[in-house]
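[1] Below is the sequence, then the predicted model.
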Amino acid sequence: MATPSENPIGEYLRARRELVRPEEVGLRDLGGRRRVPGLRREEVAMLAGVSADYYVRLEQGRDQHPSEGVIEALGRALLLDDDGIEHLRGLATPAPRRRRAPRRPEKVPAGILELLDSLHETPAYVYGRYMDVLAANPLASALVPYYRVGVNLVRASFLDPAIEESHGDRDRATEASVAALRALTGPDVDDPRLEELVGELSVRSERFRRLWARHDVRPKRSGRTRIEHPAVGTLDLGYEKLPIADSDRLTLCLYHAEPGSRSAQALGLLASAEAPVAEPAQ
């Protein structure tokens, strides 16, 4: 049987079935007290239309390459969304193993740095595949203190008190950051940099350990947020998370306010305050 570090697909399947309640998939619990949370292995097998023995082999790592049809069936049985199914597909079809070369330092393209420096009234920053902030314009750093070069957004969401002061809802922020980290790193679970980050946060935060064990996968995309700023008050902002082409999973994040709104005026005030001391994005 594969060890946990060699069996990412088994870890994922086990974590997800433990989160599905029988009543969510139309099953009645006729056996009294359940020895395991969520679904039993044989229940997942039945819902997916595969044999119980085959499903056990998948969880134990004795078979790590289910077909596309089985992946889709397991996704339906475990109530996975499109991102979850895509993650399962990546775990089932990993890149061929070869000797790992040292990963090159993450570098923001020069054109993106010029773009950040030109956005005087738009908070913008770039983060990498481990959610380290690699570049940020002055307005982004003025809007949220931890949007500055060198800060890891996952670590900040768990350990930096500024997250509660600016966003208010630390629980939502921590859930989103862990799910986004899973989505960015994908099946590359033995990456040394990822192992270092996960190991550090597992030691320092019980909540991180619980969330990481859930195997939630949810990329950060567009949406809206509310930020409490000590100088300009509450800002209701939209944000866009844009993958940077021809990069190793770098993401450009931009904030924007509805034209003419109080939040747009507040951003303008903040930009005016930052203009005299503007510094390069990186």
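    The structure has been received and is ready for your questions.

[2] Could you point out which residue ranges in this structure have low pLDDT?
    Counting by pLDDT under 70, the chain shows low-confidence ranges at 1-5, 29-33, 94-103, 164-168, 275-282.

[3] the helices in it, which residues?
    Here the chain has its helices, by DSSP state H, at 8-17, 41-48, 52-60, 68-77, 82-92, 110-118, 138-143, 153-159, 162-167, 170-185, 192-204, 206-214, 262-274.

[4] In TSV: the ones you listed, plus distance to residue 24 and mean neighbour count.
    C-beta here means a position set from N, CA and C on the backbone, and glycine is covered the same way. Below are those laid out as TSV (distance: least, C-beta to C-beta, whole Å; neighbours: other C-beta atoms under 10 Å):
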stretch	distance to residue 24	mean neighbour count
helix 8-17	11	22
helix 41-48	11	20
helix 52-60	18	17
helix 68-77	11	18
helix 82-92	14	19
helix 110-118	43	15
helix 138-143	39	23
helix 153-159	28	21
helix 162-167	30	16
helix 170-185	19	20
helix 192-204	29	14
helix 206-214	16	16
helix 262-274	38	17
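
[5] With distance to residue 227 added, can I get those in CSV?
    Shown next, in CSV, are the helices of the chain (distance: least, C-beta to C-beta, whole Å):
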stretch, distance to residue 227
helix 8-17, 32
helix 41-48, 41
helix 52-60, 42
helix 68-77, 35
helix 82-92, 25
helix 110-118, 19
helix 138-143, 7
helix 153-159, 14
helix 162-167, 5
helix 170-185, 11
helix 192-204, 24
helix 206-214, 22
helix 262-274, 9
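
[6] Out of these, flag the one nearest residue 232.
    Taking C-beta to C-beta, helix 262-274 is the member of these nearest to residue 232, at 3.9 Å.

[7] what comes into contact with that closest one?
    By C-beta atoms under 8 Å, 6 or more residues apart in numbering, the list of residues contacting helix 262-274 from outside reads 120-121, 123, 138-139, 142-143, 229, 231-237, 255, 257-258.

[8] Give me the buried subset of those.
    Listed as buried from these are 123, 138, 139, 142, 143, 229, 232, 235, 237, 255, 257; burial here means 16 or more other C-beta atoms under 10 Å.

[9] show me the contacts for the closest residue in space to the third one that isn't next to it in sequence.
    The one in question is residue 139. Spatial nearest neighbour of residue 139, chain neighbours left out: residue 123 (4.6 Å); criterion: C-beta to C-beta, 6 or more residues apart in numbering. Residues in contact with residue 123 (C-beta under 8 Å, 6+ apart) are 137, 139, 140, 142, 143, 144, 147, 254, 255, 267.

[10] one more time with 7 Å, if that's ok
    Each residue near residue 123 by C-beta atoms under 7 Å, 6 or more residues apart in numbering is listed here: 137, 139, 140, 143, 255.

[11] list the contacts for residue 236?
    Contacts of residue 236 (C-beta under 7 Å, 6+ apart): 224, 226, 263.
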